[in-house]
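Trainee: here's a sequence, model it:
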Amino acid sequence: MTTRPPSSASVSADTTIAPSPAPPAPSAQREFLPFAAPLVGEEEIQEVVETLRTTWITTGPKAKRFEQAFAAYVGGPGALALSSCTAALHTALVTLGIGPGDEVVTTPMTFAASVNVIEHVGARPVLVDVEPDTLNIDPALAATALTARTRAILPVHYAGHPVNLQLIDELASRAGLAVIEDAAHAMSAKYRGRTIGSGSNPAAFSFYPTKNMTTAEGGMLTGDPAFLERARTVSLHGMTRDGWSRYDRGGSWYYEVVFPGFKYNMTDVQAALGLGQLRKLAEFQQRRRTIVQLYNEAFADQDALELPAHRPDIEHAWHLYVLRLRDGVLRIDRDAFIEDLKRRQIGTSVHFIPIHVHPYYRDKYGYRPDSFPVAFTNYRRMLSLPLSPRMTDADAAYVVSSVLDIVRRYRR
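Mentor: Next comes the predicted model:
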């Protein structure tokens with residue numbers, strides 16, 4: 001039987017909660033403000049239209065240009081355009097030869113795809129708890145989870161705040177492990193001046209519509225060129241030639257299948273959108289930082305609210321703005337807070353329901369909610385506020401006034 005994961009902290013039995021007061025009248029006339037919406041302009045549209053008018057719309061010259069432009073943007077040695085970040089993570093694991101009997105250390109505070117791909121290759125995901133401030137994987141706990149079967153560490157740059165790569169890299173180097181970075185949230189993020197994706201180890205990026213830039217659906221895998229060449233074969237049926245090299249002028253029809261690979265390639269139509277988005281990414285990031293500053297300044301003195309962490313040695317990508325409600329300050333829980341924002345036409349989300357409380361992982365590995373207490377207790381009190389470059393100052397101001405009004409109304 002499917003059960004709902006444990007929800008936010010329940011209110012004490014002797015506390016009576018009145019129904020939420022109606023939101024201020026102006027919200028009834030407002031359009032719904034999505035939690036995250038893509039910003040696609042005429043430049044990207046024209047780039048896509050130009051591609052559609054050519055003789056090549058699947059993986060070809062635009063995908064190649066996008067790979068080169070992306071690698072240059074992050075300062076990495078190479079890039080491989082794929083159909084999703086999930087595909088990039090799966091391809092990386094397969095290319096590294098990780099499979100049955102192996103273990104991969106990762107975090108419970110992530111989307112299911114990060115861990116599902118470990119299951120897909122037949123390996124065992126070994127979860128360790130997260131740091132209380134960043135909610136990134138705790139390197140000290142990761143060190144205690146290593147066994148003779150551990151082959152890799154898969155850290156997730158949660159919300160766009162880079163993990164402590166120095167400690168992760170040192171741990172992996174001592175133990176002879178691969179590091180596969182889940183950088184789905186980390187486009188433009190930097191750790192100690194190093195752009196995420198600039199290293200020789202695999203890093204997987206997402207271009208889902210809610211991300212910092214989009215190709216509608218799509219992903220990118222960065223890393224060492226020799227590794228990426230093998231990954232390219234894995235990602236396209238295990239073939240030694242892709243369609244462009246077979247069908248373009250001067251191409252050869254002959255190919256060989258050297259591995260039972262997958263269908264993970266990115267089309268030129270998607271890549272055309274990505275090229276336009278990449279040119280605007282610096283502008284998008286500046287807009288995100290402006291909204292984050294507005295939020296931080298408005299919420300800084302609110303004892304009911306815990307703001308996102310931002311360590312001094314990193315540059316945050318600000319994919320998410322994750323607000324946490326401090327226990328015991330308000331008379332309502334996280335779920336009621338979200339519902340009140342929804343009534344005010346404000347969209348939110350929760351990132352994430354921890355992996356270990358989902359039925360598949362809970363039942364297979366015998367996890368309890370408190371198996372990873374930091375992840376679970378933070379999940380119960382978190383919500384992600386709207387954050388996208390589409391948002392106007394008025395949108396951000398409305399979110400701020402609504403959050404502060406809810407805090408005021410329900411303070412104990």
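
Trainee: now do the same end-to-end measure for stretch 323-341.
Mentor: Stretch 323-341 has an end-to-end distance of 13 Å (Cα to Cα, to the nearest Å).

Trainee: next SSE downstream of the lengthiest helix in the chain?
Mentor: In terms of residue count, the longest helix belonging to the chain (DSSP state H) is helix 268-299. Next helix or strand after helix 268-299 toward the C-terminus (DSSP states H and E): strand 305-306.

Trainee: pLDDT of whatever helix or strand comes next after that next one, averaged?
Mentor: Where DSSP H and E defines the elements, the next helix or strand beyond strand 305-306 is strand 314-315. Averaging pLDDT along strand 314-315 yields 98.

Trainee: strand 314-315: partners in the sheet, and parallel or antiparallel?
Mentor: Strand 314-315 has these partner strands in its sheet, going by DSSP bridges: strand 190-191 (antiparallel).

Trainee: report the next helix or strand after the partner strand in sequence order.
Mentor: Taking DSSP H and E, what comes next after strand 190-191 is strand 194-195.

Trainee: which residues are contacting that next one?
Mentor: 74-76, 165, 188-189 (Cβ atoms under 8 Å, 6 or more residues apart in numbering). Yep, even glycine has a C-beta here, placed from its N, CA and C like the rest.

Trainee: returning to what we had before: show me what the longest helix of the chain is packed against.
Mentor: helix 42-52, helix 61-74, strand 79-82, strand 321-325, helix 393-410 (3 or more Cβ pairs under 8 Å, 6 or more residues apart in numbering; DSSP states H and E).

Trainee: could you rerun that using 7 Å?
Mentor: helix 42-52, helix 61-74, helix 393-410 (3 or more Cβ pairs under 7 Å, 6 or more residues apart in numbering; DSSP states H and E).

Trainee: enumerate the positions of the second one that are buried.
Mentor: To tie it back to what came earlier, the one meant is helix 61-74. 62-63, 65-67, 70-71, 73-74 (16 or more other Cβ atoms under 10 Å).

Trainee: now swap in the longest one and tell me
Mentor: By neighbour count, and taking 16+ other Cβ under 10 Å as the criterion, the buried residues in helix 393-410 are 395-396, 398-400, 402-403, 406-407, 410.

Trainee: equivalent analysis for the shortest one, please.
Mentor: The neighbour-count check on helix 42-52 (16+ other Cβ under 10 Å) flags 44, 47-48, 51 as buried.

Trainee: picking that back up, I'd like the helices and strands packed on helix 268-299 as TSV, with mean pLDDT appended.
Mentor: As requested, the helices and strands packed on helix 268-299 are arranged in TSV below (pLDDT from 0 to 100):
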stretch	mean pLDDT
helix 42-52	97
helix 61-74	98
helix 393-410	98
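
Trainee: in JSON lines: those, plus distance to residue 182.
Mentor: Listed next are the helices and strands packed on helix 268-299 as JSON lines, based on distance: least, Cβ to Cβ, whole Å:
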{"stretch": "helix 42-52", "distance to residue 182": "26"}
{"stretch": "helix 61-74", "distance to residue 182": "15"}
{"stretch": "helix 393-410", "distance to residue 182": "28"}
